[in-house]
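*Asks:* quick check, what structure comes out for this input:
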Amino acid sequence: MTTTWRKSSRSGSGANNCVEVALSATTARVRDSKSPASGELVFGATGFARFRAALNGR
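*Replies:* A predicted model of the protein is given here:
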């Protein structure tokens with residue numbers, strides 16, 4: 001299975017210092033675009049919703 005990573009919409013065009021996200025039906029994977037081989041965070045659906053809310057200050 002191939003993982004499709006997409007960059008954050010906040011990264012701007014051509015920026016390499018951003019976060020990438022790969023979504024599936026049950027998980028969200030997050031990694032640093034500058035160092036993709038250094039690891040990733042893996043969230044379930046509820047955990048990812050909480051993570052996003054915390055980043056947005058809610």
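*Asks:* show me what the nearest residue to Val42 once chain neighbours are set aside is bridged to.
*Replies:* The spatial neighbour of Val42 that comes closest, neighbours along the chain excluded (Cβ to Cβ, 6 or more residues apart in numbering), is Arg29 at 5.2 Å. In this view, the C-beta of every residue, glycine as well, is placed from N, C-alpha and C. For Arg29, the beta-bridge partners are Ala22, Val42 (DSSP bridges).
*Asks:* what's near enough to touch Arg29?
*Replies:* Thr3, Val21, Ala22, Leu23, Glu40, Leu41, Val42, Phe43 (Cβ atoms under 8 Å, 6 or more residues apart in numbering).
*Asks:* for stretch 39-53, measure first residue to last.
*Replies:* 22 Å (Cα to Cα, to the nearest Å).
*Asks:* and for stretch 21-39?
*Replies:* 12 Å.
*Asks:* which of the residues in that stretch are buried?
*Replies:* For stretch 21-39, burial by neighbour count (16 or more other Cβ atoms under 10 Å) applies to Val21, Ala22, Leu23, Ala28, Arg29, Val30, Arg31, Asp32.
*Asks:* which one of those is nearest to Phe48?
*Replies:* Taking Cβ to Cβ as the measure, Phe48 lies nearest Ala28 of the buried residues of stretch 21-39, at 3.9 Å.
*Asks:* per-residue confidence for the closest one?
*Replies:* If you check Ala28, the pLDDT there is 96.
*Asks:* from what I see, it and Arg6 are in contact.
*Replies:* No - between Ala28 and Arg6 there is no contact under Cβ atoms under 8 Å: 11.3 Å.
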